[in-house]
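Trainee: Need a 3D model of the following:
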Amino acid sequence: MRSSGSASSAAPVNQVDVDKAMSTLPVLPLVAAFLLLQRYWQTGLTTGAVK
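Mentor: Numbering: from 1, shown residues only. As a prediction, the model looks like this:
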């Protein structure tokens, strides 16, 4: 068995992976707003459809 002598034994982070993760962050508030306001949007659709 090998003992790791260095404290930083983690694999290096690929910059492309970091860019992908950072590009998804601005979408999170939009997803949250959609989930929170979904019931009102559906209510408006059904109200407008009734004659």
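Trainee: Following the chain past the helix or strand hosting residue 22, name the next helix or strand.
Mentor: Assigning secondary structure by DSSP states H and E places residue 22 in helix 15-24. Sequence-wise, the next helix or strand downstream of helix 15-24 (DSSP H and E) is helix 27-49.
Trainee: That following helix: how far from the chain's middle?
Mentor: 18 Å (Cα atoms, centre = their mean, to the nearest Å).
Trainee: what helices or strands is it leaning on?
Mentor: When contacts are defined as 3 or more Cβ pairs under 8 Å, 6 or more residues apart in numbering; DSSP states H and E, helix 27-49 sits against none of the other helices and strands. From N, CA and C alone the C-beta is placed, and that goes for glycine too.
Trainee: Count the residues that sit near residue 39.
Mentor: A total of 9 residues lie near residue 39 under the criterion other Cβ atoms under 10 Å.
Trainee: That one and residue 46, how far apart?
Mentor: Look at residue 39 and residue 46: by Cβ to Cβ, to the nearest Å, they are 11 Å apart.
Trainee: mind checking how far residue 37 is from residue 44?
Mentor: Between residue 37 and residue 44 the distance is 10 Å, computed by Cβ to Cβ.
Trainee: quick one, the helix or strand of the chain with the lowest mean pLDDT and helix 15-24 angle?
Mentor: When the helices and strands of the chain are compared on mean pLDDT, DSSP states H and E, helix 27-49 comes out lowest with a mean of 84. Helix 27-49 and helix 15-24 are oriented at 40 degrees to each other (axes from the mean of the first three to the mean of the last three Cα atoms, to 10 degrees).
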